[in-house]
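In: sequence? don't have it. structure:
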């Protein structure tokens, strides 16, 4: 059993601490008295994963065993989380492959012929055949691709079914094949507390008409945080939509949780507490850092993107989504929750090279913003790590780089930021134009592009933080790019703290969220 | 004796300027090249004598440096125009000055601007079909009659040009300048008349979307003419420099976009599809209704052709350059229309110059001319003009009387 998460008070004996900064990292000496929020140590993985999956399928929560739900002549749709989960992509065989193979074996045993597999990519880019194969495994891929294994298409009207509206008037429109199935089996990986549950089908298979009800500035500003579902307006909307979906088609979900092993053995020092580094860790740090700095940017990018996480599975729960998800959340909390007393004046975050939307791609400035002010800022339960009106300091070089195939609408969205960075203004003036732009729709459907509206969602992701914080500073950030986004850049932590001084004074309380691995701060 | 900047025949200098300006470094140093390699010299010449009572000597107050002048001096002009000039000639066709002789209806000392086209009336010839119908810029007789060849004042050996202390102008070329217009605005009347002409060259449907490529003098004045004289809808302007963008906004541009990523920005505004060939510039399927190419560069023309929807129209306001890929013209069945100089129209008040004068009375043109050079400073002037955009200037002029 790993040690629980804890908060370190930085004193004279504290060594320099590791901080991620895009495709790099550094050791930084934090001011005395700073608090460092460490995640719990990695939990042990389930040894007999095949057995755990089988037990979950045969003893589900709130449902008959899966074999009893499967009947000859039924329409079965297996839906799985797309490449945005987990991060980094896990070493193969992916847990989704393992679950899907068992589900298919049970379906075959029941004589089910009409089986379709759909990636729940929502408005994300389509997965390439190679990415699909990596996720579901060679055997499943060969048997089903391309006719019966595909990506969800949120822009083909004939592939969508409008199931009605919630009591709040929210449209519920999802993938037609799934909606008209006799059973949806959803295969999930819950990496953070925001994943899984009602979100899986209601978001993963939805259209823009449906997503716009919760992916908007108002909802995001009232999701505090979106990693704390009971206090997330976004998740409340998901729940309402899931109720409507449940009235049309039964959903059997299998949710899996992972431990805190995102990096391979050669990068193990990234997950260890610095004062416990042994000689090997120190040598690895020096060797990796030096070689990382010596290689070309292109090679560095390739190496980081090729990183596979040796994640272990800590839990498999199956059944009715509403009954499964509490068990999943409990498992996530066991792995990620760290109790923190009080808020800081300044929060420090080291942003890594990857986020859900740049797998095999480029982390463009909008994604950096959403990773920092969206994902990392919202890694809290209770209250934000930093107080209202405080300052957030992020580490990331924020280069002005975009992937032309994956992120075409991001390139245009970046131009809008010269006019305004106000999420409400952007939403009001431009969201519809981007969402309905035929070129973006064409690229989303036929190329490998994120939907035209996606950069808006990324910007909304940070709307709560933007409202909450008085100042945002990027250490090492490209000055012009950072300024375009409405933030400030500093060369060093000392410079950043000097900039922050005008907001938080000379002697601020500082908290550093030491992630990755994932940590969810339970701020009291 | 009068001082003038004279363009003379020198094959060596012409080809040297052309060869060097064709390189990347040479392109950026166009002004220095024009000053040092171009076949241009400061000369003293005898006072010109009017050919008849219909001619007057003009004493220029200000005389502009046009993009076509710089093109000539750097060897980038097309040889097509060679026979339409007569050597040696004095450059300068954007002129505001005073008459030094009495003309019918125009007393000596009047402040005037010159319509530079040397058409049938100036050449003492019966009107050709074009002149007869008021399309004077299309005159067929620019190489004949009593004058040496010359499509305009500023390219004709007999009339002289504005880059001097004296030139000759025919009464039909002159337009009195209202007192309220300062010289710095009056010197813009010739390019403004050209812009008016360009805007009138095509019927613009109410609400039509228009692209103006370039925000130098021609681009900005074209924008002004489009906003004042047509019911065009959205007008998008491609501007290279910040000060140009500010002025374009001031003149009513819907959107000002930078040269980098212009096609993408237009795509976003129009909802067109963007196509990216493996080689070469991207283009739109769908796009704008019309484009006014106001740079005279191949990049500008390529952008214009690639930004229009099928059946759209490109108006070439700048002198078209070499190296334009006309495939979009063919594939998208575009219309390509030239717009050269200005026309007098069939009725006196219909002409492009009278319209330009009306527009200039209320247009925000202050500050377009911010630097004046004496003729003796011609190398500095050309250097400045070639880098005007980068230096925050719209129009560089000579003040021939100074120095």
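Out: Structure received. These figures come from a predicted structure and were not determined experimentally.

In: Would you mind listing what in the stretch 101-250 of chain A touches chain B?
Out: Proximity of the stretch 101-250 of chain A to chain B (Cβ under 8 Å from any Cβ of the partner chain) involves no residue at all. C-beta here means a position set from N, CA and C on the backbone, and glycine is covered the same way.

In: all strands for the stretch 101-250 of chain A, in order.
Out: For the stretch 101-250 of chain A, applying DSSP state E, counting those that start in this stretch gives strands covering A:114-120, A:149-151, A:160-165, A:171-175, A:183-190.

In: and what of the stretch 51-200 of chain B?
Out: For the stretch 51-200 of chain B, the strands defined by DSSP E, counting those that start in this stretch cover B:55-64, B:89-90, B:95-99, B:111-114, B:167-170, B:174-176.

In: what's in contact with the fourth one?
Out: Strand B:111-114 is touched from outside by B:58, B:61, B:93, B:95-99, B:106, B:153, B:162, B:169, B:173-177, B:179, B:183, B:186-187, B:189-190, B:353, with contacts defined as Cβ atoms under 8 Å, 6 or more residues apart in numbering or on different chains.

In: before we move on, the earlier item: including distance to residue A:399, could the strands of the stretch 101-250 of chain A go into JSON lines?
Out: Listed next are these as JSON lines, based on distance: least, Cβ to Cβ, whole Å:
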{"stretch": "strand A:114-120", "distance to residue A:399": "29"}
{"stretch": "strand A:149-151", "distance to residue A:399": "29"}
{"stretch": "strand A:160-165", "distance to residue A:399": "37"}
{"stretch": "strand A:171-175", "distance to residue A:399": "36"}
{"stretch": "strand A:183-190", "distance to residue A:399": "29"}
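
In: next SSE after the helix or strand hosting residue B:378?
Out: Using DSSP states H and E, residue B:378 maps to helix B:378-386. As assigned by DSSP H and E, the chain's next helix or strand after helix B:378-386 is strand B:395-398.

In: Off-centre distance for that following strand?
Out: 13 Å (Cα atoms, centre = their mean, to the nearest Å).

In: which residue is nearest the middle of the chain?
Out: Picking chain A for this. residue A:356 (4.9 Å; Cα atoms, centre = their mean).

In: Apart from its chain neighbours, what residue comes closest to that one?
Out: Once flanking residues are discounted, residue A:356 sits nearest to residue A:84: 3.6 Å by Cβ to Cβ, 6 or more residues apart in numbering or on different chains.

In: Next, work out how far apart residue A:304 and residue B:379 are.
Out: According to Cβ to Cβ, to the nearest Å, residue A:304 and residue B:379 sit 55 Å apart.

In: Now do the same contact list for the residue nearest to residue A:356.
Out: Listed by Cβ under 8 Å, 6+ apart, the contact partners of residue A:84 are A:124, A:356-357, A:359.

In: one more time with 10 Å, if that's ok
Out: By Cβ atoms under 10 Å, 6 or more residues apart in numbering or on different chains, the contact set of residue A:84 is A:120-122, A:124-125, A:127, A:189, A:191, A:195, A:204, A:355-359.

In: Quick one, grab the pLDDT at it.
Out: Looking at residue A:84, its pLDDT is 97.

In: how close does it sit to chain B?
Out: From residue A:84 across to chain B, the span is 26 Å (Cβ to the nearest Cβ, to the nearest Å).

In: Helix, strand or coil: sort out that residue for me.
Out: For residue A:84, the assignment made with DSSP: H, G, I helix; E, B strand; the rest coil gives coil.

In: show me where pLDDT drops low in chain A?
Out: Within chain A, the segments meeting pLDDT under 70 span A:1.

In: Tell me the residues on it that lie near chain B, please.
Out: Applying Cβ under 10 Å from any Cβ of the partner chain, we find that chain A lies next to chain B at A:404-405, A:408-409, A:411-416, A:418, A:430, A:433-434, A:436-443, A:452.

In: Quick one, which of the residues you listed are buried?
Out: Buried members of those, scored by 16 or more other Cβ atoms under 10 Å in any protein chain shown, are A:408-409, A:411-414, A:416, A:430, A:433-434, A:437, A:439-441, A:443, A:452.

In: export the strands of the stretch 51-200 of chain B to CSV and tack on distance to residue A:143 and mean pLDDT?
Out: Formatted as CSV, those follow (distance: least, Cβ to Cβ, whole Å; pLDDT from 0 to 100):
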stretch, distance to residue A:143, mean pLDDT
strand B:55-64, 75, 98
strand B:89-90, 82, 96
strand B:95-99, 82, 98
strand B:111-114, 81, 98
strand B:167-170, 87, 98
strand B:174-176, 83, 97
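
In: These into JSON lines, with extra columns for mean neighbour count?
Out: JSON lines is the format used below for the strands of the stretch 51-200 of chain B (neighbours: other Cβ atoms under 10 Å in any protein chain shown):
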{"stretch": "strand B:55-64", "mean neighbour count": "25"}
{"stretch": "strand B:89-90", "mean neighbour count": "26"}
{"stretch": "strand B:95-99", "mean neighbour count": "25"}
{"stretch": "strand B:111-114", "mean neighbour count": "25"}
{"stretch": "strand B:167-170", "mean neighbour count": "26"}
{"stretch": "strand B:174-176", "mean neighbour count": "18"}
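
In: Rebuild those strands as CSV, extending it with distance to residue B:1.
Out: Formatted as CSV, these follow (distance: least, Cβ to Cβ, whole Å):
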stretch, distance to residue B:1
strand B:55-64, 14
strand B:89-90, 14
strand B:95-99, 18
strand B:111-114, 22
strand B:167-170, 14
strand B:174-176, 25
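
In: coming back round to it: give me the subset of the residues of chain A next to chain B lying in strands.
Out: Counting by DSSP state E, no part of those is found in strands.

In: Where helices are concerned, which of those residues count?
Out: Of the residues of chain A next to chain B, the ones assigned to helices by DSSP state H are A:408-409, A:411-416, A:430, A:433-434, A:436, A:438-443.

In: for the closest residue to residue A:466 other than its chain neighbours, phi and psi?
Out: Distances taken as Cβ to Cβ, 6+ apart put residue A:373 closest to residue A:466, at 6.3 Å, once the chain neighbours are dropped. Dihedral pair for residue A:373: phi -80, psi -20, per degrees, to the nearest 10.

In: Tell me which residues touch residue A:373, please.
Out: By Cβ under 10 Å, 6+ apart, the neighbours of residue A:373 are A:349, A:392, A:394, A:458-459, A:461-466, A:468-469, A:472, A:485, A:487.

In: Just the closest of these to chain B, please.
Out: Proximity of the contacts of residue A:373 to chain B (Cβ to the nearest Cβ) peaks at residue A:459, which lies at 16.1 Å.

In: if I look at residue B:154, how far off is chain A?
Out: On the measure of Cβ to the nearest Cβ, residue B:154 and chain A end up 41 Å apart.

In: same check, this time on residue B:350
Out: According to Cβ to the nearest Cβ, residue B:350 stands 41 Å off from chain A.

In: which residues touch that residue?
Out: Applying Cβ under 10 Å, 6+ apart to residue B:350 gives the contacts B:134, B:200, B:343-344.

In: Angles on the backbone of it, please.
Out: Per degrees, to the nearest 10, the backbone of residue B:350 is at phi -80, psi -10.
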